[in-house]
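*Asks:* Attaching a predicted model along with its sequence, questions to come.
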Amino acid sequence: MNPAATKAANTVPALAVRNLAIHFGKNKVLKDVTIDIAAKAVTAIIGPSGCGKSTFLRALNRMHELNPDARMDGDIRLFGDNIYARQVEPVVVRRRVGMVFQKSNPFPTMSIAENVTVGLRLNGMKDKKILSERTEESLQMAALWDEVKDRLSAPAISLSGGQQQRLCIARALAVKPEVLLMDEPASALDPLATQKIEDLIIELKKQYTIVIVTHNMQQAARISDFTAFFYLGELVEFDQTSKIFTNPAKKQTEDYVTGRFG
Amino acid sequence: MTASNHNWRQFKNVFMQGLTLTCAVLVVLPLVLVFFHLVKEGFTALNWNFFTKLPKAVGEPGGGMANAIAGTFILLGQAALVGVPIGVLGGVYLSEYGKSKLNWWIRFAADILNGVPSITWGIVVYALMVVPMHGPSALAGGAVLGLMMIPLVMRTTEEVLQLVPAGYREAAFALGIPQWKTIVQIVLRTALKGIVTGVLLAMARVAGETAPLLFTAFGNLGWAHSLKEPIAAMPLQIFNYAISPYDDWHRQAWAGALVLLMLVLAVNITVRFLTRDRFGK
């Protein structure tokens, strides 16, 4: 049995989701999802297009609220704290739960260093020493430091696609979140860049809880400890990755991971 | 497909090419003709005096449009003070906040206002400012130009902000940055060039407005010593000179029109320069 799993079973889950349901207008996009995301591990969310995986991910840091028609029911606790409690502001949640998107989006008017520290600066941090230390630290963690250390003030958009995505990861890490959500972070990248991102994720999970949505099943098998299979808005199966891919409990899961549909 | 059919298609091709080329030339032609005519008529009056001296009494040579040129800039400055903040912030509201129903009405109102004849604006400000102040003033002139700028700047700002990809806003929200900071530091910064373009174009547009100034700024043969006094402006001066019976003033009117045209051209060239594609994408 995976030592990480045993450890996870005995500790407070990073994210405890209970009966999560999300509607966009009249559309029920997520139905009654209950799942525990383990801390300091990688949980992959897989499933065919339109199954609700991105919506689920965005509910974890209240990003689905950007859609004015979104309604949410259920409970999500971040290390025990209810992130949907009445007095909790979404911005506070999002500083604890960071997100990296499918299409890299470094801010075009800012340099590489400015992009990394933007989350800190725009939330009030002014100490130059801390900012510069955090820049180096985050870029190291994102495996980008060596490539950019000599041109930190170059515009962020002068980087290649893969570098930009790692910059976005550095930017997300700079605010020191507890959980990092990744929505198909490597789907727009070439295999070499994808490899770098995957290596990065395996390294990062020593310190961070990572939830990654991916439609690339081999990627899920490569890097994740736990896998959740979604279909048509429901959580069909959730277990250790090795079990999902070698001996899934539900037939639907087996059909999907063996490529019979999806 | 026979040979004669091919010739006919070939002919149609060439004919349409020629026709569209002719139309394109016809579009540019008025600008070229106006420009050359203005240069021909007004160039002789463009001298140092023109830019530095006040209008002299009729018949005396050597007067200039210094006060009108300065007045136009003063009026434009005031217009920008009014039009830019309100227009830009209004555009921000339309693009970033706002429920769609209310937005529809706001856009509708702005589009109507953009179509209101400028003389109507003049009369409105006349009633609202000139009458209570018992006389025309530079303030009223600046106000009417500013009011005219607002719906224009608001709509162009909104459109430019909508062009900023949603991904940037999402990235900022995901970092826990509050909405207003996202708008100012990320969205507005990204759209800045477009907003400046919109503002410059709006200013070039109101720089040439004459009718609203007739009732508000009114014109002045000398310097205005405070903003509460009537002030000279180039379109007004050109108008007054053009309808006068004096040759010298006619020539100065041509020169004034030429300078106005150069001003508008300069703004447009600046806009083109600012929005040039630096990375050749």
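*Replies:* Structure received.

*Asks:* Only C-alpha atoms from now on, for both contacts and neighbour counts.
*Replies:* Will do.

*Asks:* Which elements pack onto the lowest-mean-pLDDT helix or strand in chain B?
*Replies:* Counting by mean pLDDT, DSSP states H and E, chain B has its least confident helix or strand at helix B:48-52, which shows a mean of 80. Packing contacts for helix B:48-52, counted by 3 or more CA pairs under 8 Å, 6 or more residues apart in numbering or on different chains; DSSP states H and E, involve helix B:66-96.

*Asks:* buried stuff in the least confident helix or strand of chain B?
*Replies:* Residues of helix B:48-52 classed as buried: B:49, B:50, B:51 (neighbour count, 16 or more other CA atoms under 10 Å in any protein chain shown).

*Asks:* quick one: contacts for the residue in the stretch 101-250 of chain A that chain B sits nearest to?
*Replies:* Here the stretch 101-250 of chain A gets closest to chain B at one residue, residue A:119, 5.6 Å apart by CA to the nearest CA. Applying CA atoms under 8 Å, 6 or more residues apart in numbering or on different chains to residue A:119 gives the contacts A:171, A:172, A:174, A:175, B:172, B:175, B:176, B:177.

*Asks:* which SSE is residue A:48 in?
*Replies:* In the assignment (DSSP states H and E), residue A:48 maps to no helix and no strand.

*Asks:* need the residues of chain A near chain B, please.
*Replies:* A:61, A:63, A:90-95, A:98-101, A:103, A:105-109, A:119, A:122-123, A:172, A:175 (CA under 8 Å from any CA of the partner chain).

*Asks:* Buried only: go through the residues you listed for me.
*Replies:* Buried, going by 16+ other CA under 10 Å: A:61, A:63, A:90-91, A:93-95, A:98-101, A:103, A:105-109, A:119, A:122-123, A:172, A:175, out of the residues of chain A next to chain B.

*Asks:* In strands only, show me the residues you listed.
*Replies:* A:98, A:99, A:100 (DSSP state E).

*Asks:* Could you find the closest non-adjacent residue to residue A:109?
*Replies:* residue B:190 (6.0 Å; CA to CA, 6 or more residues apart in numbering or on different chains).

*Asks:* now the least confident helix or strand of chain B, how far from the centre of its chain.
*Replies:* 24 Å (CA atoms, centre = their mean, to the nearest Å).

*Asks:* can you list contacts of that helix?
*Replies:* For helix B:48-52, contacts defined as CA under 8 Å, 6+ apart pick out B:62, B:63, B:64, B:65, B:66, B:69, B:252.

*Asks:* among those, which two are most distant?
*Replies:* Largest separation among the contacts of helix B:48-52 by CA to CA: B:62 and B:69, giving 16.1 Å.

*Asks:* who's more crowded, the two?
*Replies:* residue B:69 (21 against 16; other CA atoms under 10 Å in any protein chain shown).

*Asks:* burial measure for the closest residue in space to that one that isn't next to it in sequence, as a count.
*Replies:* Nearest residue to residue B:69, sequence neighbours excluded (CA to CA, 6+ apart): residue B:234, at 5.8 Å. Per other CA under 10 Å, the neighbour tally for residue B:234 reads 27.

*Asks:* residue contacts, residue B:234?
*Replies:* B:65, B:68, B:69, B:71, B:72, B:208, B:256, B:260.

*Asks:* Quick one: name the residues of chain B near chain A.
*Replies:* Going by CA under 8 Å from any CA, the residues of chain B near chain A are B:167-168, B:171-178, B:181, B:186, B:189-190.

*Asks:* So among those, which ones count as buried?
*Replies:* Buried, going by 16+ other CA under 10 Å: B:167-168, B:171-178, B:186, B:189-190, out of these.

*Asks:* and the residues you listed as TSV, adding pLDDT and secondary structure?
*Replies:* Listed next are those as TSV, based on pLDDT from 0 to 100; DSSP: H, G, I helix; E, B strand; the rest coil:
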residue	pLDDT	secondary structure
B:167	93	helix
B:168	95	helix
B:171	95	helix
B:172	95	helix
B:173	95	helix
B:174	95	helix
B:175	94	coil
B:176	93	coil
B:177	94	coil
B:178	92	coil
B:186	93	helix
B:189	91	helix
B:190	92	helix
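
*Asks:* correct me, but residue A:50 touches residue A:234?
*Replies:* No: using CA atoms under 8 Å, residue A:50 is not in contact with residue A:234; the gap is 11.1 Å.

*Asks:* ok, and the closest non-adjacent residue to residue B:96?
*Replies:* Here the residue nearest residue B:96, using CA to CA, 6+ apart, is residue B:183, at 7.6 Å.

*Asks:* per-residue confidence at that neighbour?
*Replies:* Looking at residue B:183, its pLDDT is 94.

*Asks:* what's the neighbour count on it?
*Replies:* Residue B:183, neighbours per other CA under 10 Å, totals 19.

*Asks:* Could you do the one 5 residues further on as well?
*Replies:* The criterion is other CA under 10 Å. On that basis, residue B:188 has 20 neighbouring residues.

*Asks:* residues contacting it?
*Replies:* So residue B:188 contacts residue B:161 (CA under 8 Å, 6+ apart).

*Asks:* Reduced to three states, what does it come out as?
*Replies:* Following DSSP: H, G, I helix; E, B strand; the rest coil, we place residue B:188 in the helix state.

*Asks:* How much space separates it from chain A?
*Replies:* 10 Å (CA to the nearest CA, to the nearest Å).

*Asks:* Tell me the residue of the stretch 101-250 of chain B that sits nearest chain A?
*Replies:* For the stretch 101-250 of chain B, CA to the nearest CA, closest residue to chain A: residue B:176, 4.3 Å.

*Asks:* contacting residues for that residue?
*Replies:* A:90, A:91, A:92, A:93, A:94, A:95, A:119, A:123.

*Asks:* 7 Å instead?
*Replies:* A:91, A:92, A:94, A:95 (CA atoms under 7 Å, 6 or more residues apart in numbering or on different chains).

*Asks:* These in helices, which ones?
*Replies:* Counting by DSSP state H, these place A:91, A:92, A:94, A:95 in helices.

*Asks:* pLDDT wise, what is the first one at?
*Replies:* The one in question is residue A:91. Per the predicted model, pLDDT is 92 at residue A:91.

*Asks:* Residue B:175 and residue A:94 touch, don't they?
*Replies:* Yes: contact criterion CA atoms under 7 Å: residue B:175 and residue A:94 qualify, at 6.0 Å.

*Asks:* Grab the nearest non-local neighbour of the most centrally placed residue in chain B.
*Replies:* Taking CA atoms, centre = their mean, the centroid of chain B lies closest to residue B:205, which sits 1.9 Å from it. Nearest residue to residue B:205, sequence neighbours excluded (CA to CA, 6+ apart): residue B:264, at 8.0 Å.

*Asks:* The one you found: how many residues sit nearby?
*Replies:* There are 19 residues near residue B:264, going by other CA under 10 Å.

*Asks:* how close does it get to residue B:219?
*Replies:* Shown here: residue B:264 relative to residue B:219, a distance of 21 Å by CA to CA, to the nearest Å.

*Asks:* same question, residue A:86
*Replies:* Distance from residue A:86 to residue B:219, by CA to CA: 61 Å.

*Asks:* who has more neighbours, those two?
*Replies:* residue B:219 (28 against 7).

*Asks:* residues contacting that one?
*Replies:* Residue B:219 makes contact with B:230, B:231, B:232, B:233, B:236, according to CA under 7 Å, 6+ apart.

*Asks:* Hmm, the last one is touching residue B:210, no?
*Replies:* Yes: judged on CA under 7 Å, residue B:236 makes contact with residue B:210 at a distance of 5.8 Å.
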